[in-house]
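J.: Quick one: sequence and predicted model below, then my questions.
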Amino acid sequence: MNIENVEKLMLETSDAIEYQNEISAILRSNLSADDEDQVIEELNALRAEALAEFNVRLPNAPTTELPNSIPASENRLLQENEQAEDISPEPEKNEPLLA
């Protein structure tokens, strides 16, 4: 590590310490009622801005009703598929499966 890197690190550290001291001083001080109201207004404005970024307009859901019965042709296909599934044998539980 050369001297320039050390000096840069020391400068960054001193800046961070100074910033932390400012934050600590603000936290130790008491806000007046007016200051607190301004802070709350600013917080609400920031929240509204953040919500506006995430507000996505979604499409409306369809309102048409679905039919109550399945057409005969589709019903026949469903029955044929169910019968085909019933015909296929299931492997025994104790029998090892081939990889």
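T.: Sure, I can see it.
J.: what mean pLDDT does stretch 76-88 have?
T.: Throughout stretch 76-88, pLDDT has a mean value of 71.
J.: for stretch 49-66, that is, sorry about that
T.: 80.
J.: That one: end-to-end distance?
T.: 40 Å (CA to CA, to the nearest Å).
J.: from now on call the first residue 638
T.: Will do, 638 is the new start, and the previous item becomes stretch 686-703.
J.: Report the buried residues of that stretch.
T.: Residues of stretch 686-703 include none that count as buried (16 or more other CB atoms under 10 Å). Heads up, the C-betas are built off the backbone N, CA and C, glycines and all.
J.: Give me the contact list for it.
T.: With CB atoms under 8 Å, 6 or more residues apart in numbering as the test, stretch 686-703 has no contacts from any other residue.
J.: Return the distance of it from the chain's centre.
T.: Put simply, stretch 686-703 sits 17 Å off its chain's centre (CA atoms, centre = their mean, to the nearest Å).
J.: do the same with stretch 641-658
T.: With CA atoms, centre = their mean, you get 36 Å for stretch 641-658.
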